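Participant: sequence isn't available, so here's the structure alone:
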């Protein structure tokens, strides 16, 4: 990953200091398995389980090309994420007119331990409910889907301060929750 870093530690450093920077992340391997059951041509019932080994996100170093002499030039960021699972269940009902309706549920397991929790990645156990309607035509396909995501309160204790938090004496201890709403409209055209 290439980009830049901004250092803003007023009053220690009076103005923002920008430096070209890069970091390397080893993305995790993932294993997915699933099954689709069609008791009749008008019904499809599916189940998936996804395993992701997030432990590859253990530590990374941000290499800054022109680091400010008042800050550590190559800070090491400790993540120590953990492997986790996602379980997905869905059902679709097809109608003779080309229309279909679908509903689904996803459970996403937490991957970030309390000791290295950061509000930048507010990870916790999450639940997602979806419902949608679509039409498959001779030339065009359309789907409209709504998704509601919810993460119950997560109480974080014993978190290690981030690089900035060490200076300011801050940690990420606290109570976090998650709510999301998503609306998706897709269209396809057959050639």
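Facilitator: Alright, I've got the coordinates. Computed from a prediction, not measured in an experiment: that's the story for all the values here.
Participant: what's the first helix or strand after the lowest-mean-pLDDT helix or strand in the chain?
Facilitator: In the chain, the helix or strand scored least confidently by mean pLDDT, DSSP states H and E is helix 163-168, which has a mean of 51. Once helix 163-168 ends, the next helix or strand along the chain (criterion: DSSP states H and E) is strand 174-189.
Participant: how far away from the center of its chain is that next one?
Facilitator: Mean C-alpha position of strand 174-189 versus that of the full chain (C-alpha atoms, centre = their mean, to the nearest Å) differs by 11 Å.
Participant: identify all contacting residues around it.
Facilitator: For strand 174-189, the surrounding residues in contact (C-beta atoms under 8 Å, 6 or more residues apart in numbering) are 119, 122, 124, 126, 132, 139-156. Where you see a C-beta, it was placed from the backbone N, CA and C, and this is true even at glycine.
Participant: just the ones in strands from the residues you listed, please.
Facilitator: Among the contacts of strand 174-189, the ones falling in strands (DSSP state E) are 126, 132, 140-156.
Participant: out of those, which end up buried?
Facilitator: 126, 132, 143, 145, 147, 149, 151, 154, 156 (16 or more other C-beta atoms under 10 Å).
Participant: any idea which of these is closest to residue 114?
Facilitator: Within those, proximity to residue 114 (C-beta to C-beta) peaks at residue 156, which comes in at 5.1 Å.
Participant: I'd guessed that closest one sits against residue 173; true?
Facilitator: Yes - at 5.5 Å, residue 156 and residue 173 qualify as touching, with contact defined as C-beta atoms under 8 Å.
Participant: okay, now the unreliable bits of this structure?
Facilitator: 8-16, 67-68, 70, 161-169 (pLDDT under 70).
Participant: now with 50, please.
Facilitator: 164-165 (pLDDT under 50).
Participant: OK, contacts around residue 37?
Facilitator: Here residue 37 is in contact with 44-46 (criterion: C-beta under 8 Å, 6+ apart).
Participant: turn the buried ones among the ones in strands among the contacts of strand 174-189 into CSV, including distance to residue 102.
Facilitator: Formatted as CSV, those follow (distance: C-beta to C-beta, whole Å):
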residue, distance to residue 102
126, 20
132, 5
143, 8
145, 8
147, 11
149, 17
151, 23
154, 30
156, 35
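Participant: closest one of those to residue 62?
Facilitator: residue 156 (23.4 Å).
Participant: is that closest one bridged to anything, and to what?
Facilitator: residue 174 (DSSP bridges).
Participant: what's the distance between it and residue 115?
Facilitator: Relative to residue 115, residue 156 is positioned 9 Å away (C-beta to C-beta, to the nearest Å).
Participant: with residue 61 instead?
Facilitator: 19 Å.
Participant: cool, residue 79 as well?
Facilitator: Distance from residue 79 to residue 115, by C-beta to C-beta: 10 Å.
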